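J.: The following block contains a protein sequence and its predicted model.
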Amino acid sequence: MRARDPNIRNIAIIAHVDHGKTTLVDGLLHQAGTFRTGEVVTERALDSNDLERERGITILSKCTSVTWKDVRINLVDTPGHADFGGEVERVLGMVDSVLLLVDAFEGPMPQTRFVTAKAFQMGLAPIVVVNKIDRPGVDPHDVMDKVFDLFVSLGATDEQLDFPVIYASGREGFAVREVDDERRDLGPLLDLIVEKVPAAEGDIDAPLCMQVATLDYDDYLGYMAIGRVDTGRCKVGDRVLLAHRDGSRENFRIQKVLGFQGLKRFELAEAHAGDIIAVTGMNELEVGETITSTESPRILPLLAVDAPTISMFFLANDGPMAGKEGTYVTSRNLRDRLAREIKSNVALRVEETGDPGTFEVAGRGELHLAVLIETMRREGFELCVSQPRVILREGPGGATLEPYEDVVIDVEEAYSGAVIEELGRRLGQMSEMAPSSEGRVRMEFRLPARALIGYRSKFLTDTRGTGVLYSRFAEYGPFAGALRSRVNGVLIAQDTGLTNAYALFSLQERGVLFVGAQIQVYGGMIVGMNARDNDLVVNPCKTKQLTNFRTHSHDEKLVLTPPREMTLEAALEFIGPDELVEVTPKAIRLRKRVLDHNERKRHEKAGKLAAVAR
């Protein structure tokens with residue numbers, strides 16, 4: 001018989017990116033007295049990953065817990081970016097309600113719709129937190145009207161539409177039931193969670209059953225399966241069964257049962273139905289698998305996650321500088337690392353190709369794959385990656401379908417014309433345009449996902465860095481036709497050598513340089529963007545000819561324009577179909593897929609002849 005534990009609440013925090021989830025969790029941890037007096041705690045404490053701190057976003061779902069009035073509240077912090085939607089989907093099965101944060105200034109945004117739809121599909125009733133009400137110019141009541149309209153459009157039930165509301169500021173550390181109430185602390189929010197979230201339910205006396213929602217790895221403990229105990233009990237020393245994704249079974253003895261409190265894990269003597277815990281002792285583990293009783297096994301269905309929409313090729317680095325800057329450089333290293341990644345990254349797909357050193361990797365978006373590449377780079381890997389491309393499908397009657405994105409853009413009015421013109425050229429259809437605040441407008445578009453590849457950097461240029469762009473996957477629709485994104489050619493290094501100011505000074509008139517002086521380059525490496533639409537082979541290592549002829553005039557001083565710094569995302573957006581990004585722990589380089597100029601010309605000529613033959 002399933003019963004509820006009155007002392008446990010399980011809740012996930014969901015929201016659009018940058019609406020304040022992790023900052024609010026910080027406030028709740030402080031409010032509940034999780035940290036000792038005088039303990040130094042970093043800001044956004046749950047964003048423990050270096051990439052999360054640098055980018056200011058949550059990438060991995062994380063569990064924590066606070067105790068409030070003798071009730072343990074298990075909190076799950078989730079990513080807000082659409083590219084990490086797989087993290088959101090898999091953890092919602094662990095909780096009984098969601099805390100939906102909405103920015104009091106921006107209101108519901110694209111990812112708000114995505115995460116709320118997932119919660120509604122799982123039957124979860126939300127608590128709405130209108131966050132950042134301390135910002136000037138906010139209209140919380142207008143935001144609430146928009147939230148209600150969003151819920152209706154998502155087909156919410158009567159119970160889900162009868163949601164409690166609280167107004168808060170995670171940064172200032174207060175929450176109030178009504179906007180005009182006295183602003184003291186976050187106690188009212190914790191009280192509301194205890195009051196409105198259903199107590200954790202589960203049959204304690206039934207055989208053990210637990211689904212792995214996420215996992216971690218420790219050099220000492222090995223794999224750690226993190227999830228919610230659905231039924232039964234488990235304690236250290238129990239013999240249990242792990243049902244693997246491929247149908248195989250593994251019997252193992254539980255070595256540790258770990259609970260969560262604040263930022264720490266602690267050992268438990270026993271856990272029971274309703275608890276969110278970590279279990280160790282297994283040899284292999286993948287997300288979505290089931291840990292259950294050996295005597296009466298009950299295997300839960302594998303987690304269903306939306307299919308990837310973007311793919312690219314990962315190749316072992318075969319350039320002239322391969323092996324000079326990284327620790328892991330072979331195709332075997334690359335294969336093993338990708339195989340390890342798909343165990344925990346459920347939204348990722350990896351397929352081998354006909355080339356033993358090339359792998360096709362598919363994910364939910366450019367950022368999803370860029371984070372993986374940056375993580376591997378910091379671990380010491382060298383690799384090359386190709387231009388991202390969308391994954392096409394075959395529709396009814398053999399028609400080609402491609403993914404479409406819903407895009408929300410907030411820009412200053414002066415730049416709206418340039419944005420509309422560029423998105424129109426990229427086959428975008430505007431669905432809405434309205435003022436967002438004084439001097440700014442919000443526009444909504446639907447356009448092919450491939451049209452966004454290479455656009456974000458241009459968008460920042462067109463809006464002088466003041467624009468904000470959000471996107472989310474909408475649907476698969478009819479193929480929209482040919483689209484040319486980059487109109488400029490590139491400057492390609494002729495030979496291997498060190499660049500110098502004399503050569504670069506004459507080259508900078510031809511376009512935008514990506515390298516400065518005294519940089520090692522090699523033949524086939526891209527050193528700049530041509531001002532024209534054709535590729536141009538240049539010599540950035542050319543030195544001045546020295547003669548015995550002397551003049552009384554001094555040489556003109558060479559002033560170089562600073563080169564454009566290419567980040568990983570900017571490089572992925574820039575490259576074309578015949579180009580690669582070479583990623584090493586020390587550098588990001590752009591290069592042609594075929595390095596030799598003569599061989600590249602033969603390939604181009606053969607391609608043109610093949611096109612004529614067709």
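T.: Received it, and whenever you're ready, just let me know what you need. Numbering: from 1, shown residues only.
J.: which residues of the stretch 251-400 of the chain fall in helices?
T.: Assigned helices in the stretch 251-400 of the chain, in chain order: 331-344, 366-378 (criterion: DSSP state H, counting those that start in this stretch).
J.: L24 is nearest to which of the ones you listed?
T.: Closest to L24 of the helices of the stretch 251-400 of the chain is helix 366-378 (CB to CB; 22.7 Å). Any C-beta I mention is one placed from the backbone N, CA and C, and that applies to glycine too.
J.: residue ranges with poor pLDDT in the stretch 351-500 of the chain?
T.: Along the stretch 351-500 of the chain, segments meeting pLDDT under 70 span 484-485.
J.: which of the helices of the stretch 251-400 of the chain sits most buried?
T.: Most buried of those by mean neighbour count (mean count of other CB atoms under 10 Å) is helix 366-378; its value is a mean of 21.
J.: Mind giving me the packing neighbours of that helix?
T.: helix 50-55, strand 310-316, strand 358-363, strand 383-386, helix 568-574, strand 579-583 (3 or more CB pairs under 8 Å, 6 or more residues apart in numbering; DSSP states H and E).
J.: switch the cut-off to 6 Å
T.: On a contact count with 3 or more CB pairs under 6 Å, 6 or more residues apart in numbering; DSSP states H and E, helix 366-378 meets helix 568-574.
J.: next helix or strand past the lowest-mean-pLDDT helix or strand in the chain?
T.: Ranked by mean pLDDT, DSSP states H and E, the weakest helix or strand in the chain is helix 50-55, scoring a mean of 47. The C-terminal neighbour of helix 50-55 among helices and strands, as given by DSSP states H and E, is strand 62-68.
J.: mind listing what's buried in that following strand?
T.: The neighbour-count check on strand 62-68 (16 or more other CB atoms under 10 Å) flags K62, C63, T64, S65, V66, W68 as buried.
J.: What of stretch 268-282?
T.: By neighbour count with 16+ other CB under 10 Å, stretch 268-282 contains the buried residues 268, 271-282.
J.: likewise stretch 342-356?
T.: The neighbour-count check on stretch 342-356 (16+ other CB under 10 Å) flags K343, S344, N345, V346, A347, L348, V350 as buried.
J.: Just give me the closest of those residues to I409.
T.: Closest to I409, out of all of the buried residues of stretch 342-356 and judged by CB to CB, is A347, at 25.2 Å.
J.: between the buried residues of strand 62-68, which is nearest L491?
T.: When the buried residues of strand 62-68 are compared for distance to L491 (CB to CB), K62 comes out closest, at 44.5 Å.
J.: quick revisit: can I get the helices of the stretch 251-400 of the chain in JSON lines including distance to V515?
T.: What follows is the helices of the stretch 251-400 of the chain, written out as JSON lines (distance: least, CB to CB, whole Å):
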{"stretch": "helix 331-344", "distance to V515": "26"}
{"stretch": "helix 366-378", "distance to V515": "19"}
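J.: coming back round to it: quick check, nearest of the buried residues of stretch 268-282 to L560?
T.: Among those, A278 lies closest to L560 (CB to CB), at 54.1 Å.
J.: distance of the closest one from I8?
T.: The spacing between A278 and I8, counted by CB to CB, to the nearest Å, is 16 Å.
J.: next one: G237
T.: Distance from G237 to I8, by CB to CB: 24 Å.
J.: likewise G454?
T.: Distance from G454 to I8, by CB to CB: 48 Å.
J.: Run a quick neighbour tally on G326.
T.: Neighbour count for G326, taken as other CB atoms under 10 Å: 21.
J.: no no, I73
T.: By other CB under 10 Å, neighbour count at I73 equals 20.
J.: Also D238?
T.: Quick note: D238 (other CB under 10 Å) scores 18 neighbours.
J.: Please verify my assumption that it contacts I254.
T.: Yes: here D238 reaches I254: they are 4.9 Å apart, a contact under CB atoms under 6 Å.
J.: Tell me where the model's unsure across the stretch 501-614 of the chain.
T.: Along the stretch 501-614 of the chain, segments meeting pLDDT under 70 span 546-556, 607-614.
J.: can you give me the helices in it?
T.: 501-507, 568-574, 597-613.
J.: Out of those helices, the one nearest L242 is which?
T.: For L242, the closest of the helices of the stretch 501-614 of the chain is helix 568-574, at 36.4 Å, according to CB to CB.
J.: Now do the buried residues in the closest one.
T.: Neighbour-count burial for helix 568-574 flags L568, E569, A570, A571, L572, E573, F574 (criterion: 16+ other CB under 10 Å).
J.: which ones are touching the third one?
T.: Which is A570. By CB atoms under 6 Å, 6 or more residues apart in numbering, the contact list for A570 reads S457.
J.: thinking again about what came up before, of all the helices of the stretch 251-400 of the chain, which lies closest to Q520?
T.: helix 366-378 (18.2 Å).
J.: If M525 is in a bridge, with which residues?
T.: Beta bridges link M525 to R591 when assigned by DSSP bridges.
J.: Could you give the number of residues near V390?
T.: Applying other CB under 10 Å, we find 21 residues neighbouring V390.
J.: So it is in contact with P448, correct?
T.: No: the pair V390 and P448 fails to qualify as a contact (CB under 6 Å) at a distance of 7.3 Å.
J.: Need the overlap of contacts for the two.
T.: Residues touching both V390 and P448 (CB under 6 Å, 6+ apart): E402.
J.: separation between L192 and P110?
T.: From L192 over to P110 the distance is 27 Å, taken as CB to CB.
J.: quick one: which of G237 and I8 has more around it?
T.: For the pair G237 and I8, the greater number of neighbours falls to I8 (22 against 10), based on other CB under 10 Å.
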